[in-house]
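Colleague: I would like the atomic coordinates for the input below:
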Amino acid sequence: MGNTFGHLFRITTWGESHGGGVGVVIDGCPPRIELSEADIQPDLDRRRPGQSSIVTPRKESDTVRILSGTFEGRTLGTPISMIVANEDARPEAYSEMATKFRPSHADYTYQAKFGFRNWQGGGRTSARETIGRVAAGAVARKVLRQFHGTEIVACVQRVQHIAAHVDPETLRVTDVEKNIVRCPDPAVANRMIKLIERIRKAGDTVGGIVLGVARGVPPGWGEPVFDRLEADLAKSMLSLPASKGFDFGSGFDGVTMKGSEHNDPFRARQGRVYTTTNRSGGIQGGISNGQTIYFRVAFKPVATIMLEQDTIDLEHRNTTLKGRGRHDPCVLPRAVVMVEAMTALVLLDHALRHKAQCG
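Modeller: You can find the predicted model right below:
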């Protein structure tokens, strides 16, 4: 089943949007790592709903509890189980969706696959599932920082037609967190916020791009052929709700260049190997080269909108549906921490695989 991710550092997320709670089980976390809820809660606070005027108004504290896998404040090397309770579920807002499918949502496809679905808030397809990913990602991020000095940060680079120029080498989380849209350029951020608020008032939604960055990744992480580092990053990002595209390094922009323009020349200084440019995005041949890893994730407009649309019901009869309930007008501000979490999960898994194979 597709609820488990990773090889040596493996997670399984569980729970539905309007059930009793959501959570994650981590298997493969190294022992003796100092870990408490205080290490995890800050990232969950950045992901939680109700944090600003441009995200869903659902009110959840998203308070995490560690149920297993630690003793006296340190990891045991055994499975770590974490839970976050659902506190503000309102399933009655979705009653019409019990028999009608939301356009471009997963309602129809889940019904087609299983013949049965949880229509309350989308059940397992809701972005609330990502709580488990973010909690596990906070653990992975701490291990990476402690043992490798790896820094992971993401930001909103584009909302619809409004884009910011962001340098992956200088992007800092302090700049990202200065505004509610999580764009490091204050002037561009203000324009993004105004656009999202205008779209929300119209009952519609809007998409954009999140830039992900990882610095301090040593050369050698990644596997040949099928488990290339960028391939695993792509899979992790495209598993996020509403994600529609992924590119890394120069990405699609690289097709406009010649090889002589695109290649990253090598240099060495005092025993350190580096490249004078980084169009490869820190990965060559599927393996990290020691430079900054950077990539972009495209997110579509949220499928549930407060406007009437054509659809069908369970009997495949034509009908209409207008969205109800509480939904994000733009997923991007909360997607930033989800992108960071998935990056950490991929990198720690590959770090452990590299150590197991190469010592």
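Colleague: Now for the nearest residue to A234 once chain neighbours are set aside, how many residues are close by?
Modeller: Nearest residue to A234, sequence neighbours excluded (Cβ to Cβ, 6 or more residues apart in numbering): F246, at 4.5 Å. Every C-beta, even on glycine, is put in place using the N, C-alpha and C of the backbone. When counting by other Cβ atoms under 10 Å, one arrives at 20 neighbours for F246.
Colleague: Please look at F246 and F299 and confirm they touch.
Modeller: No. Contact between F246 and F299 fails when scored by Cβ atoms under 8 Å: they sit 10.7 Å apart.
Colleague: can you give me the helices in the stretch 1-150 of the chain?
Modeller: For the stretch 1-150 of the chain, applying DSSP state H, counting those that start in this stretch gives helices covering 37-47, 107-114, 130-148.
Colleague: tell me, which of these is the model least confident about?
Modeller: Lowest mean pLDDT within the helices of the stretch 1-150 of the chain: helix 107-114, at a mean of 92.
Colleague: how close does the residue nearest to D88 when sequence neighbours are not counted sit to G73?
Modeller: In this structure, D88 finds its nearest non-sequential neighbour in K59, 4.7 Å apart by Cβ to Cβ, 6+ apart. Noted for K59: a distance of 31 Å to G73, by Cβ to Cβ, to the nearest Å.
Colleague: swap in A112?
Modeller: Distance from A112 to G73, by Cβ to Cβ: 47 Å.
Colleague: For D43, which non-adjacent residue is closest in space?
Modeller: Spatially, and ignoring its direct neighbours in sequence, D43 is nearest to A138 (4.5 Å; Cβ to Cβ, 6+ apart).
Colleague: and what of A127?
Modeller: P241 (4.5 Å).
Colleague: any idea which of the helices of the stretch 1-150 of the chain is most buried?
Modeller: Highest mean neighbour count among the helices of the stretch 1-150 of the chain (mean count of other Cβ atoms under 10 Å): helix 130-148, with a mean of 23.
Colleague: the inter-axis angle of it versus helix 37-47?
Modeller: 130 degrees (axes from the mean of the first three to the mean of the last three Cα atoms, to 10 degrees).
Colleague: Much appreciated, bye for now.
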